[in-house]
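# Task: produce atomic coordinates for the following.
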Amino acid sequence: IIIIKFYNAYIMNLKTSKQLVEEAMDKIKTIEPSELKSLLEKKPDTILIDIRDVRELRKTGKIKIAKHMPRGMLEFWLDPESPYYKKDITPDKTKVLYCTSNWRSALATKAIQEMGFDNVCHIKGGFQALVDAGFEVEKID
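Okay, here's the model as predicted:
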C-alpha cells in the first residue's frame, strides 16, 4: 500500500506533454507563415529549420529552403562548443523552427532560448501551414 501511494503521488506530480507545450508557448514567439515570408525579405540570412524525424521527411518532403536539424541533435548542432556544431548556423542568425504541427518546435524553441538564443521562433501550424502558404516542398530520399 505504501508503494502504491508513493507511485500515485509520483504520477500526480508529473507534467504532461501538453502542459510542457503550453508552458513553452507562453515563453516563445510563434509566427505565421506569412510573417516568415516578410522576415526572409528583411533578413535573407534567416534560417528555416525542420526538426522532424528523417522518416517524416521521406514521407512528406521538406520545405525546400529549410535545413534539416533533427530534434534530437538540435542543441548539439547549435552549440559552438559541441563536437557536432554546424558552423553555418551561427548564433547571430535568426532561426525559425517547424515540425509537423507545432508542438515539438515549441519545445525545441524554448530549449534553444534557454541556451541563450534570443533570435528564435517557430511556425504556427507547422509543416502543413507552410505548404498551404505556398512554400515549395522538395522530396527527400
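
# which residues of the chain fall in helices?
For the chain, the helices defined by DSSP state H cover 2-12, 17-27, 33-42, 54-60, 74-78, 103-114, 126-132.

# Could you list the low-pLDDT ranges of the chain?
Applying pLDDT under 70 to the chain picks out residues 1-11.

# give the contact list for the most centrally placed residue in it.
Nearest residue to the geometric centre of the chain (Cα atoms, centre = their mean): Ser105, 2.7 Å. Residues near Ser105 by Cβ atoms under 8 Å, 6 or more residues apart in numbering: Ile51, Leu97, Tyr98, Cys99, His122, Ile123, Gly126. Any C-beta I mention is one placed from the backbone N, CA and C, and that applies to glycine too.

# how much space between it and Pro83?
25 Å (Cβ to Cβ, to the nearest Å).

# Then Tyr98?
26 Å.

# okay, the two: which has more neighbours?
Between Tyr98 and Pro83, Tyr98 has the larger neighbour count (other Cβ atoms under 10 Å), namely 30 against 6.

# isn't that one right next to Ile65, touching?
No: using Cβ atoms under 8 Å, Tyr98 is not in contact with Ile65; the gap is 11.5 Å.

# Now do the shared contacts for these two.
Leu48.

# residues touching Asp141, list them.
Residues in contact with Asp141 (Cβ under 8 Å, 6+ apart) are Arg58.

# swap in Thr109?
Ala24, Ile28, Lys29, Leu97, Val120, Cys121, His122.

# Output the residues you listed as a markdown table; include the columns distance to Glu136.
Converted to a markdown table, these look like this (distance: Cβ to Cβ, whole Å):
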| residue | distance to Glu136 |
| --- | --- |
| Ala24 | 28 |
| Ile28 | 26 |
| Lys29 | 24 |
| Leu97 | 18 |
| Val120 | 23 |
| Cys121 | 21 |
| His122 | 20 |
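
# Closest to Glu35 out of those?
Nearest to Glu35 out of these is Cys121 (Cβ to Cβ; 8.7 Å).
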